[in-house]
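Peer 1: Whatever this is, show me its structure:
(one chain, ligands or ions: 3)
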Amino acid sequence: MKIFDAKQIYAADSFTIQKQQITSDELMERASLQLFHWLHQRMQGAPVKIHLFCGIGNNGGDGLALARHLQEHGYHIEVNIVNYSEKRSPDFLTNLDRLKARKIWPNILNGDSAFPSIGVDDIIVDAIFGIGLNRSPAPWVVDLMKNLKATGAFILSVDVPSGLFMDRGIEDPEFAVEADFVLSFQAPKLVFFLPETARYIKQWDVLDIGLDPEFLEKTETTYKLMGKAEVLPLYRPRQKFSHKGHYGHALILGGSYGKIGAVILSTSACLRVGAGLVTAYVPQCGLLPLQIACPEAMVLTDKGEKYISQIEFDLEPSAVGAGIGLGTEKETVSALSAFLDAQKSAMVLDADALNILSQNRKLLDKIPEGSILTPHPKELERLLGSWKDDFEKLQKTREFSVNHRCIIVIKGAHTTICAGEKCYINNNGNPGMATAGSGDVLTGFITGLLSQGYEPLAAAIFGVFLHGMAGDLAATEQGFEALTANSIIDFIGKAYIELLRPPQTQEQQTEETEA
Ligand SMILES: NC(=O)C1=CN([C@@H]2O[C@H](COP(=O)(O)OP(=O)(O)OC[C@H]3O[C@@H](n4cnc5c(N)ncnc54)[C@H](OP(=O)(O)O)[C@@H]3O)[C@@H](O)[C@H]2O)[C@@H](O)CC1
Ligand SMILES: Nc1ncnc2c1ncn2[C@@H]1O[C@H](COP(=O)(O)OP(=O)(O)O)[C@@H](O)[C@H]1O
Ligand SMILES: [K+]
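Peer 2: Ligands and ions are numbered 1, 2, ... in the order given. Next up, the predicted model:
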């Protein structure tokens, strides 16, 4: 699913209005009807008081139009206008007149107004600011936002939580509404997935307001949200007459004394995601544990007893995943440097391989083209330096990806894969996966996919998605706390089955619910 920026949404608006020969007011009416239907379907006329807080722009206009539909269907509403500017939008004014014509008189809230009384079981509709926010809200508006939160009532935000910018972070964490639910028009917004702003959105849904499909199709976006529909076409089916040689020979390179477990996890993950053959390259102390834990894998040992000091082997791996548990000893750094000189094809670089690159920046030029770097945020910061907000982080990551011709997988709750100027945001996985070794598993998965012939970008996207899906399936059986990295490996088979399962028909769904 594409994630449009504010400029693109405004452009889609104007294009749609022109092409469909409708007015902007009619588009607002569509938007507000979608909001109403969503709410009405869930509330079924329940006598809960709904407090609407509307700004003076089009987001406020949506709120006013929604208020009218709610009132027409007998809901108990109270309308507040957050009067932060005299520059009211024409469609806001039209909808204000329509309310007044129905004898609904909104409270006008200014800096000195008392905050209305709201019960904890009431519902708040937040239509104060939408995607048009371009400066921090005035202090009294911030106070109002805080008061909204303090009521404990359910907050439904229209389009976006008020106070969030679409292209930069906020100055102060209190400057935005914390929404229980956001109903976003046409497409989700980038801020829903960024660590700093995602906390303002507990849940979200998209409402189709009929923006021109051709325009949306043609408009290229920097960000895409990846779901099953986007990931499934990347799948490479196994052929009946294939043999293990068709699925490549992957090499997992890493480990140091006390960190052999990381290599075990990566190696098992690499096998279980479907690599034909897997060899682990480890210091000597890793031989026994690996042979015992992963009988299917082969093991090559370095001359170093406790850490890798000179990478030498006599095989041509189809994919390499390096860095897990590697350590950053001086000899290991030289060994990795020499290895990178010889390595020509795209590989996966994780953990200490990334730390070594950050500390020895000359090595960055040796990264083979198309390689996949899988940093968690701290490792990313070591690579890029600090950033002022998530937007700058993504911009710096894209630049790094272009300059070093590599793919960066920023791991997190919404793992984001940046390949040149494009970024792909993952939307599965769960907090149970915040556990030791789950990143090592991801490295194994991506390496195993590369070895099976997936292109680097496909391997990164497919691997991240499967990893999240396996984590979700594991969590349904084990809960979040008990989930370990090994459970993610154990559920990879079910993740494949789930990914490949054809969508259920309506009848099947009904049968399942009734059973
Ligand atoms: N295609 C779609 O998705 C559709 C979207 N629609 C809806 O339109 C919404 C966008 O509406 P919008 O452009 O009128 O902007 P909105 O967010 O209401 O802000 C209003 C104005 O406030 C101002 N302003 C900014 N910051 C400020 C501040 N800190 N303190 C004070 N003032 C500030 C700024 O004006 P300025 O003063 O800078 O000239 C701004 O223009 C969108 O989110 C969705 O709900 C639907 O109706 C139809 C289809
Ligand atoms: N809250 C979360 N929601 C979804 N996925 C998560 C969450 N926390 C961590 N993960 C995933 O778990 C993995 C953690 O990787 P990493 O920090 O490198 O762990 P380790 O170094 O222990 O292997 C990443 O793939 C990340 O996306
Ligand atoms: K809003």
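
Peer 1: tell me the helices in the stretch 301-450 of the chain, going along the chain?
Peer 2: Secondary structure of the stretch 301-450 of the chain by DSSP state H, counting those that start in this stretch: the helices cover 330-342, 351-359, 377-384, 390-403, 438-451.

Peer 1: among these, which is the most enclosed?
Peer 2: Neighbour counts (mean count of other C-beta atoms under 10 Å) averaged over each of these peak at helix 438-451, with a mean of 30. (Glycine included, C-beta is placed from N, CA and C.)

Peer 1: picking up where we left off before, among the helices of the stretch 301-450 of the chain, which comes closest to H51?
Peer 2: Closest to H51 of the helices of the stretch 301-450 of the chain is helix 390-403 (C-beta to C-beta; 31.0 Å).

Peer 1: Could you name the helices and strands sitting against that closest one?
Peer 2: Secondary-structure packing of helix 390-403 (3 or more C-beta pairs under 8 Å, 6 or more residues apart in numbering; DSSP states H and E): helix 377-384, strand 407-410, strand 416-419, strand 422-426.

Peer 1: That helix: how far from the chain's middle?
Peer 2: 16 Å (C-alpha atoms, centre = their mean, to the nearest Å).

Peer 1: Mean confidence (pLDDT) on it, please.
Peer 2: In this model, helix 390-403 has a mean pLDDT of 98.

Peer 1: Report the inter-axis angle for it versus strand 422-426.
Peer 2: 120 degrees (axes from the mean of the first three to the mean of the last three C-alpha atoms, to 10 degrees).

Peer 1: Put the alpha carbons of helix 390-403 into CSV.
Peer 2: Output of helix 390-403 as CSV, limited to C-alpha atoms (Å, rounded to 0.1, in the frame of the first residue of the first chain):
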residue,chain,number,x,y,z
ASP,A,390,12.7,10.0,12.5
PHE,A,391,12.3,11.9,9.2
GLU,A,392,15.9,12.9,9.2
LYS,A,393,16.9,9.4,10.2
LEU,A,394,15.1,8.0,7.1
GLN,A,395,16.5,10.7,4.9
LYS,A,396,20.1,9.9,6.1
THR,A,397,19.4,6.2,5.7
ARG,A,398,18.3,6.7,2.1
GLU,A,399,21.4,8.8,1.4
PHE,A,400,23.6,6.1,2.9
SER,A,401,21.9,3.5,0.8
VAL,A,402,22.4,5.5,-2.4
ASN,A,403,26.0,6.4,-1.6
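
Peer 1: Walk me through the domains of this structure.
Peer 2: For the chain, automatic domain parsing gives the domain ranges 2-221, 245-500.

Peer 1: Relative to ligand 3, which of those is closest?
Peer 2: Judged by C-beta to the ion, the one of the domains of the chain that comes nearest to ligand 3 is domain 2-221, at 4.1 Å.

Peer 1: so how far does that closest one reach from one end to the other?
Peer 2: Start-to-end span of domain 2-221 (C-alpha to C-alpha, to the nearest Å) is 6 Å.

Peer 1: Show me where the protein dips below the pLDDT cut-off.
Peer 2: Confidence mapping of the chain against pLDDT under 70 gives the ranges 512-513, 515.

Peer 1: So which residue is dead centre in it?
Peer 2: H414 (2.9 Å; C-alpha atoms, centre = their mean).

Peer 1: So which residues on this structure come close to ligand 3?
Peer 2: For the chain, the contact set with ligand 3 under C-beta under 5 Å from the ion comprises 126, 157-158, 162.

Peer 1: Taking these together, which two end up most distant?
Peer 2: Farthest pair in the residues of the chain next to ligand 3 (C-beta to C-beta) is V158 and S162. Separation: 8.5 Å.

Peer 1: More neighbours: which of those two?
Peer 2: Legend: neighbour count by other C-beta atoms under 10 Å for V158 and S162, higher for V158 (32 against 29).

Peer 1: any idea how far that one lies from S32?
Peer 2: Distance, V158 to S32, using C-beta to C-beta, to the nearest Å: 9 Å.

Peer 1: cool, F185 as well?
Peer 2: For F185 relative to S32 (C-beta to C-beta), the value is 10 Å.

Peer 1: Then G463?
Peer 2: Distance of G463 to S32, given as C-beta to C-beta: 42 Å.

Peer 1: So which bits of stretch 284-295 are buried?
Peer 2: Buried residues in stretch 284-295, counted by 16 or more other C-beta atoms under 10 Å: 285-286, 289-290, 293-294.

Peer 1: start to end distance for it?
Peer 2: 17 Å.

Peer 1: Repeat that for stretch 298-306.
Peer 2: 19 Å.

Peer 1: List the contacts of that stretch.
Peer 2: 256-257, 277-287, 290-291, 308-313, 315, 331-332, 335 (C-beta atoms under 8 Å, 6 or more residues apart in numbering).

Peer 1: ok, which of these also contact ligand 2?
Peer 2: For ligand 2, no contacts are drawn from the contacts of stretch 298-306 by C-beta under 6 Å from any ligand atom.

Peer 1: Those in strands, which ones?
Peer 2: Taking DSSP state E as the definition of strands, the contacts of stretch 298-306 contribute 277-282.

Peer 1: now these: which count as buried?
Peer 2: 277-282.

Peer 1: how about CSV for those, with distance to ligand 1 added?
Peer 2: Putting these into CSV (distance: C-beta to the nearest ligand atom, whole Å) gives the following:
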residue, distance to ligand 1
L277, 51
V278, 48
T279, 52
A280, 51
Y281, 52
V282, 54
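
Peer 1: Quick one: name the residues of the stretch 51-200 of the chain near ligand 1.
Peer 2: So the stretch 51-200 of the chain meets ligand 1 at 55, 57-62, 84-85, 87, 89, 129-138, 158-159, 185-186 (C-beta under 6 Å from any ligand atom).

Peer 1: now with 5 Å?
Peer 2: Neighbours of ligand 1 within the stretch 51-200 of the chain, by C-beta under 5 Å from any ligand atom: 57-59, 62, 84-85, 87, 89, 129-135, 137, 159, 185.

Peer 1: Can I get the helices of the stretch 301-450 of the chain in a markdown table including distance to A229?
Peer 2: A markdown table is the format used below for the helices of the stretch 301-450 of the chain (distance: least, C-beta to C-beta, whole Å):
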| stretch | distance to A229 |
| --- | --- |
| helix 330-342 | 37 |
| helix 351-359 | 31 |
| helix 377-384 | 28 |
| helix 390-403 | 23 |
| helix 438-451 | 19 |
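
Peer 1: Which one of the ones you listed lies nearest to A67?
Peer 2: helix 390-403 (33.3 Å).

Peer 1: Which residues are in contact with P295?
Peer 2: Contacts of P295 (C-beta under 8 Å, 6+ apart): none.

Peer 1: before we move on, the earlier item: can the helices and strands packed on helix 390-403 go into CSV with extra columns for distance to ligand 2?
Peer 2: Below are the helices and strands packed on helix 390-403 laid out as CSV (distance: least, C-beta to the nearest ligand atom, whole Å):
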stretch, distance to ligand 2
helix 377-384, 8
strand 407-410, 8
strand 416-419, 10
strand 422-426, 8
